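1. Return a 3D structure for these sequence lines:
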Amino acid sequence: MRELSQADKLFFFERSFFTLDGLWMIEVENITNWETALNIDLTVWKKVLKIVIRRLKKYLNLVGNDLNALVDILTFRWSIEGWGYKVLTREHDKVKIIVNQCPYKGTMDRNPERTEKLPLICRDMCIPLYKSVSKEFNKNITLYRPLSMGLGDDYCEFSFSYEETAKDDNILGDLTKNARKISKEDKLFYFEKTFRTLDGIWMIESEKELGWDTALKLDIMVWQKLYKITFRRVKKYLKISGNTLEDLVNILSFIWNCEGNIHDIYEVGENKFTISIVECPYIEAMKRNPERHNRIESICKEMCVSYLRPVINEFNPEIEITRDKFIGLGDVKCNIILSLKE
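-> Next comes the predicted model:
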């Protein structure tokens with residue numbers, strides 16, 4: 001079993017993060033319509049950013065909820081995600097930032113089928129999203145967005161103002177003079193945690209809007225397409241040139257190690273492997289949320305193999321996958337059995 005490095009995990013989560021978000025949006029739109037998908041997307045990201053801001057505030061050891069703290073958090077996140085920006089004004093009561101590179105716009109620009117949606121994403125999703133999270137962080141912070149690349153401008157402008165009141169007892173933090181240099185540890189902290197948060201909230205909000213059956217169908221489609229893309233990436237990353245049973249086991253083991261899926265691999269005969277999963281991060285996440293306990297069995301039984309089978313068939317149609325144990329159904333482990341067809 002390959003010993004994972006920090007670079008391995010960062011490769012996996014950084015690439016998968018943007019892919020996962022895009023796939024959820026596209027699949028929800030395909031199964032419903034643009035308006036529904038955008039409404040869910042906005043709700044998802046309001047909740048995701050609220051959690052991200054809380055995490056990063058603690059991670060960066062920031063005190064108070066003033067404008068400086070918010071800007072430190074947002075620019076830290078932007079630096080990690082690969083935004084290009086410049087802070088033009090930085091004072092306690094006003095901050096002006098221009099953004100000339102956005103990874104989400106970049107992704108849509110590279111996809112001709114999504115280019116026409118860019119103005120709608122900027123106007124109906126990005127602008128209200130940042131106004132909302134800013135106001136929620138501190139009711140005295142106001143965000144003005146006069147310019148946006150998605151609406152035809154040369155850059156996006158974020159102009160924040162902070163109005164102190166007699167009742168405002170918020171502690172003013174120190175002005176940050178220099179942008180924090182982003183480390184690999186910073187990136188991995190952000191992408192690994194946010195990847196799981198993003199997927200979970202997309203699933204929950206889709207269920208609220210569309211019902212459990214449709215949400216489960218979406219979850220299967222999203223992860224099937226994510227794994228097809230991930231297989232190609234990991235195969236190239238690990239320099240695997242073939243599509244043998246052993247190659248498949250190595251690819252799956254790498255992915256699952258990155259995800260925190262604790263497992264053992266047993267070779268059973270010449271053309272058969274059993275991968276025994278003793279701890280699943282997705283089941284553990286649902287166990288921590290009492291509202292998701294009733295969904296564990298369905299996710300484990302109906303989702304896992306359903307999204308893997310087409311991916312494995314595309315990798316090598318002579319390999320079949322079966323299961324005989326399920327943690328979500330009360331077993332102490334999940335057994336994934338991979339074998340060559342006779």
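2. contacts and neighbour counts: CA atoms only from here.
-> Fine.
3. Ile319 pairs with what?
-> Under the criterion DSSP bridges, Ile319 forms beta bridges with Leu340.
4. Next one, pLDDT for it please.
-> Ile319 is assigned a pLDDT of 96 by the prediction.
5. Now do the helices in the stretch 151-300 of the chain.
-> Assignment of helices within the stretch 151-300 of the chain using DSSP state H, counting those that start in this stretch yields the ranges 184-210, 212-237, 245-259, 281-287, 296-298.
6. which ones are touching the residue nearest to the spatial centre of the chain?
-> Using CA atoms, centre = their mean, the residue of the chain that lies closest to the mean C-alpha position is Phe195, 3.0 Å off. Contacts here follow CA atoms under 8 Å, 6 or more residues apart in numbering; on that basis Phe195 touches Phe13, Ser16, Phe17, Leu20.
7. Just send the helices of the stretch 151-300 of the chain back as a markdown table, with mean pLDDT and distance to Lys325 too.
-> Compiled in a markdown table, these are given as follows (pLDDT from 0 to 100; distance: least, CA to CA, whole Å):
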| stretch | mean pLDDT | distance to Lys325 |
| --- | --- | --- |
| helix 184-210 | 96 | 24 |
| helix 212-237 | 96 | 20 |
| helix 245-259 | 96 | 17 |
| helix 281-287 | 88 | 14 |
| helix 296-298 | 88 | 12 |
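8. Minimum distance to Val71: which of the ones you listed has it?
-> Nearest to Val71, of all those, is helix 184-210, at 16.6 Å by CA to CA.
9. Work out the gap between that closest one and the centre of the chain.
-> When C-alpha coordinates are averaged (CA atoms, centre = their mean, to the nearest Å), helix 184-210 and its chain have centres 4 Å apart.
10. In that helix, which residues are buried?
-> If you call a residue buried by 16 or more other CA atoms under 10 Å, then helix 184-210 has these buried ones: 186-192, 194-207.
11. Kindly report the same for stretch 74-83.
-> By 16+ other CA under 10 Å, the buried positions in stretch 74-83 come out as Leu74, Thr75, Phe76, Arg77, Trp78, Ser79, Ile80, Glu81, Trp83.
12. From those residues, pick the one nearest Cys304.
-> Using CA to CA, Glu81 comes nearest to Cys304 of these, at 29.1 Å.
13. My guess is the closest one contacts Gln101. True?
-> No: using CA atoms under 8 Å, Glu81 is not in contact with Gln101; the gap is 10.6 Å.
14. Mind putting the helices of the stretch 151-300 of the chain into a markdown table with distance to Ala37?
-> Converted to a markdown table, the helices of the stretch 151-300 of the chain look like this (distance: least, CA to CA, whole Å):
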| stretch | distance to Ala37 |
| --- | --- |
| helix 184-210 | 9 |
| helix 212-237 | 12 |
| helix 245-259 | 27 |
| helix 281-287 | 24 |
| helix 296-298 | 24 |
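15. hang on, Ile275 packs against Asn335?
-> Yes: using CA under 8 Å, Ile275 is in contact with Asn335, at 5.8 Å.
16. sorry, back to before: please tell me how far the residue nearest to the centre of the chain sits from Phe17.
-> As for Phe195, its distance to Phe17 is 5 Å (criterion: CA to CA, to the nearest Å).
17. Repeat that for His293.
-> The spacing between His293 and Phe17, counted by CA to CA, is 25 Å.
18. got it, and Asp247?
-> Applying CA to CA, one obtains 24 Å for the distance of Asp247 from Phe17.
19. now Pro146
-> Using CA to CA, one obtains 29 Å as the distance from Pro146 to Phe17.
20. neighbour count winner among those two?
-> More neighbours surround Phe17 than the other of Pro146 and Phe17, with 19 against 11 (other CA atoms under 10 Å).
21. what comes up buried for stretch 307-324?
-> The neighbour-count check on stretch 307-324 (16+ other CA under 10 Å) flags Tyr307, Leu308, Arg309, Pro310, Val311, Ile312, Phe315, Asn316, Ile319, Glu320, Ile321, Arg323 as buried.
22. Tell me where this structure is predicted with low confidence.
-> Low-confidence segments of the chain, defined by pLDDT under 70, are located at 1-2, 165-179.
23. Quick check: Asn65 touching Lys135?
-> No: counting by CA under 8 Å, Asn65 does not reach Lys135; the two are 10.7 Å apart.
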